[in-house]
Structure formats: C-alpha cells, structure tokens
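> Quick one: sequence plus predicted model below, questions after.
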Amino acid sequence: MAMKRVSFEDMIQVILGRGAVEKRTLTEIVGTPGSGKSTLAGQLTDALKRLAPNSAIVVPMDGNHYDDIVLDARGIRDRKGSPDVFDVASFRHMLVRLQNDTEEQIAIPLFDRTLAMARDGAQIIDRNVRLLIVDGNYLLRDQAPWGVLRETFRTTVMVDAKVPTLRDRRMRPWVGLGIDAEEVGRKVEGNDLPDAELVVNGSAAAEFVVPAE
C-alpha cells in the first residue's frame, strides 16, 4: 500500500468523513519516541472536538505497560518503552471492545508519568465518543504479537521523523532539571534510539504520513 502525505487539515477531514459513516472509527498515530506523535494525537482530538463536541478522545498505548514487578522478574526493567514491556494481548482485547462499541462505558488504563507506572481504569470512554485517536510507537509493528492490532484500525498515520534528529528531542526535556546529562544520554542512546530504529525499520506502511513538527 502506497503511503499518502497529508496535511493536518486533510487528516481532520479524513477522520470526520469516516466517522460519519461508521458507528465508531479508530485512528492510529504511530511514530518514534520524540517524533511528536502524542502531541499530534492531542491536537487532532482537540480539533475534532471543536468541530463535533464530545466526539473524540485519545487512547494511549502506554497504559498497557507491564508493572515494574513484572519487568524486574523478566530482567528488562532497563528497557522500559521497548516492545517487550507491553501487554499486547490485553491491549488488543481493549481495542476490540472499543471497536465493537456495545457497552455504555469502557474503562481504559493510562500511564502515570509522575509515578512511572500504569494505572488501571484511569479513564472512561462513553459510548457516544465516536472518534478514537490511538497513540503508540509500535501499532504498525510487523512482528508478532503486534501485527494483530492492525485489523482494529480504520485509519493508520505515521509521523515522519528522522532518527538522527531524535536524540536532541529526547535530551531537551531534561535540560535544566538537575539530572545528570551523561545518565540521560546513556538512556537515550541505549533505549530511545534503538526503539526509534525498531519503529522506522519494523513498521508496516501506514495509509497516511504527516510531517513531524
């Protein structure tokens, strides 16, 4: 499938148009760490709600992150954010429930960055919310078990960000916070950039591509 480059405004019209003829539509926003995908997901949701109040909500993939207890037992706590630290089966089950739209309310988990842990049942999605913007790094990942997720999405969007530009983006939020720059650099080089390579080289083609800010 050839990817089509679209503007933010065009993307809004695509989502609105598909939402007008379907009972509920799920749009996935995929990108590398630091690409701005979460910002884009939030901006799309806000724009959709301005045009159709209470119609849209962000569904973050990060809420299905395993707890540190599980990560410690598996020896992968230092790989937070990588594909292996997510409960993909649980995430798919949640997406299917949302796609089916047969329940008045569905509770979903969110990742609390202050506590650095997922919180179950942290957000409620009502049945009248028709446009779900799902945000995650690995939603288009080719390898099992991720591939089964694609059947739940009506629209797939990749944020186009180049890996060499991502190091500065990942370092920037820590500047001025009194955190050791070398420690942050090790995390970025050892975790974020390898994860970015996985997204760039291990994702199926999206239907649409939007430029990173």
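That came through, no problem. Every value quoted in this text rests on a predicted model; they were computed, and no experiment measured them.

> Can you find the helix or strand in this protein with the smallest mean pLDDT?
Taking mean pLDDT, DSSP states H and E as the measure, the helix or strand of the chain with the lowest value is helix 166-171, at a mean of 59.

> Can you show me the strands along the protein?
In the chain, the strands defined using DSSP state E lie at 4-5, 25-30, 56-60, 105-112, 117-126, 131-136, 155-160, 208-211.

> Export the ones you listed to CSV and append columns for distance to residue 19 and mean pLDDT.
Glycine gets a C-beta too; all of them are placed from N, C-alpha and C. Formatted as CSV, the strands of the chain follow (distance: least, CB to CB, whole Å; pLDDT from 0 to 100):
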stretch, distance to residue 19, mean pLDDT
strand 4-5, 19, 90
strand 25-30, 5, 96
strand 56-60, 8, 97
strand 105-112, 18, 95
strand 117-126, 15, 93
strand 131-136, 5, 97
strand 155-160, 10, 93
strand 208-211, 15, 90
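
> got these as CSV, with mean neighbour count columns?
Below are these laid out as CSV (neighbours: other CB atoms under 10 Å):
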stretch, mean neighbour count
strand 4-5, 10
strand 25-30, 25
strand 56-60, 22
strand 105-112, 16
strand 117-126, 14
strand 131-136, 25
strand 155-160, 22
strand 208-211, 17
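
> Could you say which one of these comes nearest to residue 82?
Closest approach to residue 82 among the strands of the chain (CB to CB): strand 131-136, 12.7 Å.

> The closest one pairs with which strands?
Partners of strand 131-136 in the sheet, by DSSP bridges, are strand 25-30 (parallel), strand 56-60 (parallel).

> can you redo the ones you listed as JSON lines with distance to residue 194?
Rendered in JSON lines, the data for those read as follows (distance: least, CB to CB, whole Å):
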{"stretch": "strand 25-30", "distance to residue 194": "17"}
{"stretch": "strand 56-60", "distance to residue 194": "21"}
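
> So for residue 95, which of these sits nearest?
Judged by CB to CB, the one of these that comes nearest to residue 95 is strand 25-30, at 6.8 Å.

> Just the CA trace of the closest one, in CSV.
Provided in CSV are the C-alpha atoms of strand 25-30 (Å, rounded to 0.1, in the frame of the first residue of the first chain):
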residue,chain,number,x,y,z
THR,A,25,-13.7,4.6,14.0
LEU,A,26,-10.2,4.1,15.4
THR,A,27,-7.3,6.1,14.0
GLU,A,28,-3.8,5.1,15.0
ILE,A,29,-1.0,7.6,15.3
VAL,A,30,2.4,5.9,15.1
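
> all helices for this protein, in order.
For the chain, the helices defined by DSSP state H occupy 8-21, 37-51, 68-74, 88-100, 166-171, 181-187, 193-202.

> any chance of those in CSV, with mean neighbour count too?
Listed next are those as CSV, based on neighbours: other CB under 10 Å:
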stretch, mean neighbour count
helix 8-21, 15
helix 37-51, 18
helix 68-74, 12
helix 88-100, 17
helix 166-171, 17
helix 181-187, 13
helix 193-202, 18
